[in-house]
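Trainee: Need a 3D model of the sequence below.
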Amino acid sequence: MRNKLQWKVLGAMALLGAGMAFTGCKSAPDLTQTQALALIQADYDHAAPQGISIMVNNDGMVQGALAKYWNRTTIYPNKYWADFKLTDEGKKVVKLPAGGDTIQWRPDSLDDKNYMYRIVTVQANHLRARDVGDISDEMVAGVDTAKGADFTEGVDLTGVPDTLQQIVHNPGNKLSAKRHADFALVNGAWTAHGIQ
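Mentor: Numbers count the residues shown, from 1 in each chain. Presented below is the predicted three-dimensional model:
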């Protein structure tokens, strides 16, 4: 009776060992927050640099006019619509997403505090990653071994003139966002798989 039990235990262990060898059970290398941050930033740095989208409110329009980025060329009979033309100095630092050089300021009323106009900085930078959270195992389609982590994505204001930096800090602008990164183990090394 004792021999049968020993043979069953040995047989089970042999099957378990064969199963592990067959499936190639290996442990994945650790992925630290520092490594994850470096992988995310490398992914951002690989992409083309981009200008910063800035929502300009009424205060921002005044700041831009004082900095001589634009001049008012037309005021409409309702006294709150106006056209502003980019100056030569303004064209060096901002561009209009629709092209051209005229900001068509069209709030709903004289007291409209929510109206904003979008401009984009000429200075192009890469996004910046920071504050990587806890890294956890994940299931990612098409990936055998995956991990994921939340992090903060932010704009880089390097090279952006002071007045535009002040405008970008006005209400209505978003300088950072929470994002999620997926990592895949490829040939024994972690790679950035996707950012959402």
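Trainee: Surely residue 78 is within a strand?
Mentor: No. Going by DSSP: H, G, I helix; E, B strand; the rest coil, the assignment for residue 78 is coil, not a strand.
Trainee: now the closest residue to it other than its chain neighbours: how far from residue 150?
Mentor: Take residue 78 and drop its neighbours on the chain: the residue closest to it by C-beta to C-beta, 6 or more residues apart in numbering is residue 110, 8.0 Å away. Heads up, the C-betas are built off the backbone N, CA and C, glycines and all. Distance from residue 110 to residue 150, counting by C-beta to C-beta, to the nearest Å: 43 Å.
Trainee: Which one's more surrounded, the two?
Mentor: Higher neighbour count among residue 110 and residue 150: residue 150, with 15 against 9, using other C-beta atoms under 10 Å.
Trainee: For residue 66, give me its contacts.
Mentor: The contact partners of residue 66, taken as C-beta atoms under 8 Å, 6 or more residues apart in numbering, are residue 163.
Trainee: Got the phi and psi for the residue nearest to residue 78?
Mentor: phi -60, psi -30 (degrees, to the nearest 10).
Trainee: Surely it and residue 82 touch.
Mentor: No. Using C-beta atoms under 8 Å, residue 110 makes no contact with residue 82, being 11.6 Å away.
Trainee: and the one residue sitting closest to the centre of the chain, helix, strand or coil?
Mentor: Nearest to the geometric centre of the chain sits residue 153, at 4.2 Å (C-alpha atoms, centre = their mean). Following three-state DSSP, we place residue 153 in the strand state.
Trainee: before we move on, what about residue 167?
Mentor: Residue 167 - assigned by three-state DSSP - is helix.
Trainee: tally of neighbours for it?
Mentor: Quick note: residue 167 (other C-beta under 10 Å) scores 26 neighbours.
Trainee: For it, list the residues it contacts.
Mentor: 54, 56, 60, 63-64, 173.
Trainee: and the end-to-end length of stretch 102-116?
Mentor: End-to-end distance for stretch 102-116, by C-alpha to C-alpha, to the nearest Å: 15 Å.
Trainee: Could you count how many residues lie near residue 176?
Mentor: Neighbour tally, residue 176, other C-beta under 10 Å: 13.
Trainee: Now residue 36, what are its backbone angles?
Mentor: Residue 36 adopts backbone torsions of phi -60, psi -40, taken as degrees, to the nearest 10.
Trainee: For it, give me its contacts.
Mentor: Shown in contact with residue 36 (C-beta under 8 Å, 6+ apart): 132, 135, 147, 149, 151, 181, 183, 190.
Trainee: if we can go back for a sec, quick one: contacts for the residue nearest to the centre of the chain?
Mentor: By C-beta under 8 Å, 6+ apart, the neighbours of residue 153 are 127-129, 176-179, 195.
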